[in-house]
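*Asks:* sequence unavailable; structure follows:
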Ligand code: GLN
């Protein structure tokens with residue numbers, strides 16, 4: 001049997017050598033915590049240090065090195081542990097759904113600010129994926145109702161699990177839909193307070209240049225925004241307007257260099273006013289939002 005210290009060192013060395021992660025030590029620790037938890041031992045990262053002499057049994061150590069092997073090939077930690085924290089919620093994820101990003105919290109914060117003071121808002125989360133936006137909005141807007149739509153069955157499965165995990169089954173309605181196609185019968189036309197979306201927005205050609213962790217493991221369906229990356233913004237901007245109430249809010253996550261272009265798409269549609277670009281914590285454009293005009297057609 002080997003100690004925590006020994007197997008962590010071995011794992012981190014293997015991850016460093018693979019060059020497929022920028023955070024080899026952290027990844028090695030998180031995966032060890034995951035394996036220890038599965039064998040009934042609740043450690044945390046501090047305890048890994050203070051009890052680094054603890055002997056890990058052979059079975060757990062074997063399991064651990066097989067996970068390290070997967071990570072060394074580029075599989076994201078979150079797909080191995082099947083979880084990602086977002087706005088304080090621990091979300092279930094698995095291969096086939098995009099891993100929620102901290103960037104998206106910028107969009108949720110903006111929507112929460114705009115929705116404060118709304119009474120029982122009806123919210124559509126278009127392209128919900130694992131339901132990160134839907135769950136964090138439902139959790140922070142206790143009288144809100146959320147329609148979470150996605151075309152991917154794996155996304156819908158994750159979203160349902162996450163809604164149920166926090167007891168939001170009654171306030172989050174999970175709908176399989178190609179954009180707004182199956183939302184039309186939901187009584188939301190002219191009756192929606194907020195439409196929020198983190199659609200696929202990477203230019204098709206740029207996908208092959210993404211990091212191996214993303215390119216080989218995350219669903220291209222959730223990333224590929226067409227030739228110029230803006231295909232879904234155009235469609236959503238156009239289709240969303242009939243759903244929104246006057247003064248209703250539309251809010252998008254955008255790529256770091258897409259703020260002006262998405263703002264233009266919204267302006268040119270003629271449906272929206274008061275259009276703003278918000279930056280994320282790294283100072284990059286991250287959210288574009290606006291209000292539905294009264295007579296915009
Ligand atoms: N933020 C994601 C990435 O850069 C892209 C998400 C999306 O296309 N909506 O990998």
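*Replies:* Perfect, I can see it now. Keep in mind that what you see is a predicted model, and the values were worked out from it rather than measured.
*Asks:* from here on, just use CA atoms for contacts and neighbour counts.
*Replies:* Noted.
*Asks:* where along the protein do the strands fall?
*Replies:* 2-3, 55-56, 83-86, 89-92, 122-126, 145-150, 172-176, 192-197, 244-253, 272-279, 285-292 (DSSP state E).
*Asks:* check whether the fifth one contacts the ligand.
*Replies:* I take that to be strand 122-126. No - Strand 122-126 does not reach the ligand (Cα under 6 Å from any ligand atom); its nearest approach is 11.2 Å.
*Asks:* distance from that strand to the middle of the chain?
*Replies:* 15 Å (Cα atoms, centre = their mean, to the nearest Å).
*Asks:* give the other helices and strands that that strand contacts.
*Replies:* strand 145-150, strand 192-197 (3 or more Cα pairs under 8 Å, 6 or more residues apart in numbering; DSSP states H and E).
*Asks:* if we go to 10 Å?
*Replies:* helix 132-140, strand 145-150, strand 172-176, strand 192-197, helix 231-240, strand 244-253 (3 or more Cα pairs under 10 Å, 6 or more residues apart in numbering; DSSP states H and E).
*Asks:* what's the closest of those to the ligand?
*Replies:* strand 244-253 (7.1 Å; Cα to the nearest ligand atom).
*Asks:* please name the nearest non-neighbouring residue to the residue in the stretch 51-200 of the chain positioned nearest to the ligand.
*Replies:* Going by Cα to the nearest ligand atom, the ligand is nearest to residue 200 of the stretch 51-200 of the chain, at 3.6 Å. Among residues not flanking residue 200 along the chain, residue 223 sits closest, at 4.2 Å (Cα to Cα, 6 or more residues apart in numbering).
*Asks:* got it, and residue 183?
*Replies:* residue 177 (7.1 Å).
*Asks:* confidence score at residue 105?
*Replies:* According to the prediction, residue 105 has pLDDT 98.
*Asks:* OK, contacts around it?
*Replies:* The neighbours of residue 105, taking Cα atoms under 10 Å, 6 or more residues apart in numbering as the test, are 86, 87, 111, 132, 133, 136, 253, 280, 281, 286, 287.
*Asks:* tell me the residues on the stretch 101-250 of the chain that lie near the ligand, please.
*Replies:* 198, 199, 200, 201, 202, 222, 223.
*Asks:* which pair in the residues you listed has the greatest spatial separation?
*Replies:* 198 and 202 (11.4 Å; Cα to Cα).
*Asks:* now for those two: what residues contact both?
*Replies:* Listed as contacting both residue 198 and residue 202 by Cα under 10 Å, 6+ apart are 222, 223, 254, 255.
*Asks:* got the phi and psi for the last one?
*Replies:* Read it as residue 255. Here is the backbone geometry of residue 255 (degrees, to the nearest 10): phi -70, psi 160.
*Asks:* what about the residue lying closest to it once chain neighbours are set aside, distance to the ligand?
*Replies:* In space, residue 255 comes closest to residue 286 once its chain neighbours are excluded; the distance is 6.2 Å by Cα to Cα, 6+ apart. Per Cα to the nearest ligand atom, to the nearest Å, residue 286 is found 9 Å from the ligand.
*Asks:* residue 286 against residue 108, yeah?
*Replies:* No - counting by Cα atoms under 10 Å, residue 286 does not reach residue 108; the two are 11.1 Å apart.
*Asks:* can you get me a residue count around the residue nearest to residue 200?
*Replies:* 20 (other Cα atoms under 10 Å).
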